[in-house]
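[1] When you get a sec, could you give me coordinates for this:
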Amino acid sequence: MTQTSTWIALTIAAAALLFGGLAPARADEVVPIPGAASGLLQEVQWGYHSEQDNARDAVRSGRVISPGQAKQAALSRYPGKFLDMSFGGQTYHVKIRTPDNRVVVVAVDAVSGRVMGAR
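    Numbering: from 1, shown residues only. Got it, this is the predicted structure:
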């Protein structure tokens, strides 16, 4: 055995002694510990609704206008190319590029559909 291969063999043996029980676990070998958090996985919570679920339910029930209606309201007041839209609280924020290449963010009231302003 050469000197290099001897050092490699000794390094592997030392690593096996030091890290012997710390090999990565396979998914089928993981045993859940009762009462402990499951790490990256989250248990299913029945009745949980995300913000997107709440917004969709509000549109379906008629409490707020649809995103398409908000987009049309913003484009009728500020003509241009539609870029993006977000929903926060009770306001749609519609991003539009105007014909003179400025980007404006138009705030549309989600309940009434009224354009509140732009910045």
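
[2] Leaving out sequence neighbours, find the closest residue to I96.
    With CB to CB, 6 or more residues apart in numbering as the criterion, I96 has its nearest non-adjacent residue at 4.4 Å, and that residue is G80. Placement of C-beta: from N, CA and C, glycine included.

[3] Point out where the chain drops to low pLDDT.
    Within the chain, the ranges that satisfy pLDDT under 70 run 1, 17-45.

[4] re the thing from before, do you know how far the residue nearest to I96 is from D57?
    To D57, G80 is 31 Å away according to CB to CB, to the nearest Å.

[5] which one of these two has more residues nearby?
    Ranked by neighbour count (other CB atoms under 10 Å), G80 and D57 place G80 first, with 18 against 12.

[6] List the residues that contact that one.
    With contact set as CB atoms under 8 Å, 6 or more residues apart in numbering, G80 has these partners: I96, R97, T98, P99, V104.

[7] Mind picking the two most distant members of those residues?
    Greatest spacing in these, by CB to CB: P99 and V104 (11.4 Å).

[8] can you give me how far stretch 66-78 is from the chain middle?
    Counting by CA atoms, centre = their mean, to the nearest Å, stretch 66-78 is centred 25 Å from the centre of its parent chain.
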